[in-house]
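Visitor: what would the 3D arrangement of this be:
(one chain, ligands or ions: 1)
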Amino acid sequence: MQIKNICCIGAGYVGGPTMAVIALKCPYINVTVVDANPNKTKAWNGPLENLPVYEPGLAEVVKEARGRNLFFSDDISGNIDKAEMIFMAVNTPTKTEGEGAGMAADLRYIEACARDIAKHSKSDKIVIEKSTLPVRTAEKIKEILEENSSNIHFEILSNPEFLAEGTAIQDLFKSDRVLIGGDETEFGQKAVAALVDIYANWIPKEKILTTNVWSSELAKLASNAMLAQRISSINSLSALCEKTGANIDELSKAIGMDHRIGPHFLKASVGFGGSCFQKDILNLVYLCKYYGLDEVAEYWHQVVKINDYQKDRFAQKIIDYFGGDLTGKRVAILGWAFKANTNDSRESAAIYIAEKLYKAGAILEIFDPMVSEESIFRDIDFYWEASKIEDLTSRISVLGSISTLDLSIDAAAILTEWEVFKTLDFS
Ligand code: ADP
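Guide: Below you'll find the predicted structure:
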């Protein structure tokens, strides 16, 4: 089956970069990314220096493909109808209310997306889950598609995204693996083959792994859980190092030189952030509980609990240093993004640490090279429930440049590993 038109629903951190790379590598396919938020598509069509997602190398890819075979559009219905293959790349946050609140994935966006696909499709479609979803969501999507359409065949594939923010474009160019899950039926296998053909334009065939749908859905959750588990493991040991006089960097090096363990993801930190790790683990915990696997659920839940402990411990050390009260103390918050080389701050450790310091009385001076003042205040508003806090701006300011940081501050919390912080003259 030759695919000529792809539609991707959701122009966010996953949809935008992934589709830009598919368009770049497959010039014979028209790739259109649609989004319900017109400001998003407008920004994707705007100046390259202000794209809604910052990723090294992304602007160059967009520059080459945009207008040639990469398009960003508000016309959701028209582009669904035109495409033979539709990617679902909408957000799947953790549920905030109802059954599974605080744990299960909120599937309302994915369900709305499926209803849109059913409503606007006039021919058979291959529908691809790109967003990270609980195992067996494909079943639910199929149900919605079939209930809301007639005489159209939908084939659902799972093709989870493994890119890491900050290196998304490199990860997409040289993926460790591409995972495609499909039904073991004839139609299912044809759809899998069509998607394999697309990736085979730049990914070596041996790195394209095909599985059944459930394995593919679960592999994404499990991968993120294993990565996060390494971080929590090393962070838990950092607490023990501080008590015993062992050095966590020396420990990481010694552990990581064992080829069975390897050196990656063994750097102690203030805890992981980002939209995926916590959400995916909680999702896994919820699934385990749902199936009555309480011990397994508790095992994975501990990864998140250690992460919360590490964030709390870091902030508490600063508070303790000043005798339990930060009133009048000026603390620089260096870094707001959840990691370097991204403007994404979802679930960033900086948000939680800044909140704890603020609530202990500190005056905060925040700087991040990529996260705007507007986004920082939006995060504060959202995560701190700041509507309940009076006169926020009298104790919080956001610096436009690191050179404006007044070095008479009482403390600096370096919370994102941006290069620029490594060369600051702290003396
Ligand atoms: P991710 O990190 O998973 O890419 P983002 O929040 O960055 O998540 O992006 C998801 C995008 O999906 C947002 O731009 C949002 O506006 C869009 N979106 C959510 N639901 C729908 C929908 N039903 N139709 C079209 N776009 C949607």
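
Visitor: residues in contact with the helix or strand harbouring N283?
Guide: Using DSSP states H and E, N283 sits within helix 277-290. With contact meaning CB atoms under 8 Å, 6 or more residues apart in numbering, helix 277-290 is reached by 92-94, 100, 102-105, 132, 134-135, 220-222, 224-225, 227-228, 231, 272, 294, 296-297, 300-301, 303-304, 307, 347. C-betas here are computed from N, CA, C, even on glycine.

Visitor: after that helix, which helix or strand is next?
Guide: Assigned by DSSP H and E, the successor of helix 277-290 is helix 294-321.

Visitor: ranges for the helices of the stretch 51-200 of the chain?
Guide: 58-65, 76-82, 108-120, 137-147, 168-173, 186-199 (DSSP state H, counting those that start in this stretch).

Visitor: contacting residues for M257?
Guide: Counting by CB under 8 Å, 6+ apart, M257 has contacts P263.

Visitor: need phi/psi at the residue nearest to A59 when sequence neighbours are not counted.
Guide: The shortest distance from A59 to any non-neighbouring residue, by CB to CB, 6 or more residues apart in numbering, is to L48 (4.2 Å). When quoted as degrees, to the nearest 10, the phi and psi of L48 stand at phi -60, psi -30.

Visitor: kindly provide the distance from L48 to R136.
Guide: Distance from L48 to R136, counting by CB to CB, to the nearest Å: 40 Å.

Visitor: same thing with K82?
Guide: 30 Å.

Visitor: neighbour-wise, which of the two wins?
Guide: K82 (17 against 13; other CB atoms under 10 Å).

Visitor: give me the distance between the more buried one and the ligand.
Guide: 16 Å (CB to the nearest ligand atom, to the nearest Å).

Visitor: correct me, but that residue touches C7?
Guide: Yes - counting by CB atoms under 8 Å, C7 is a contact partner of K82 at 7.0 Å.

Visitor: which residues do the two both contact?
Guide: T32.

Visitor: who touches D74 in this structure?
Guide: Counting by CB under 8 Å, 6+ apart, D74 has contacts V34, D35, P38, T41.

Visitor: give me the buried subset of the residues you listed.
Guide: V34, D35, T41 (16 or more other CB atoms under 10 Å).

Visitor: now, which of those lie within helices?
Guide: T41 (DSSP state H).

Visitor: let's have the buried ones among the contacts of D74 in TSV, adding distance to the ligand and pLDDT.
Guide: As requested, the buried ones among the contacts of D74 are exported to TSV (distance: CB to the nearest ligand atom, whole Å; pLDDT from 0 to 100):
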residue	distance to the ligand	pLDDT
V34	6	98
D35	5	98
T41	9	98
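
Visitor: got CSV for the buried ones among the contacts of D74, with distance to P52 too?
Guide: As requested, the buried ones among the contacts of D74 are exported to CSV (distance: CB to CB, whole Å):
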residue, distance to P52
V34, 14
D35, 9
T41, 9
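
Visitor: count the neighbours of the residue of the stretch 1-150 of the chain found nearest the ligand for me.
Guide: Nearest residue of the stretch 1-150 of the chain to the ligand: G12, at 1.8 Å (CB to the nearest ligand atom). By other CB under 10 Å, 19 other residues sit near G12.

Visitor: my read is that it contacts N91, right?
Guide: Yes - using CB under 8 Å, G12 is in contact with N91, at 6.4 Å.

Visitor: dihedrals phi and psi, K243?
Guide: The phi/psi pair for K243 (degrees, to the nearest 10) is phi -80, psi -30.

Visitor: local confidence estimate at it?
Guide: Listed pLDDT for K243 reads 97.

Visitor: what does I389 give?
Guide: Value listed for I389 in the pLDDT field: 72.

Visitor: same question, the one 10 residues further on
Guide: pLDDT for L399: 97.

Visitor: can you tell me the closest non-neighbouring residue to it?
Guide: Nearest non-adjacent residue to L399 (CB to CB, 6+ apart): F367, at 4.2 Å.
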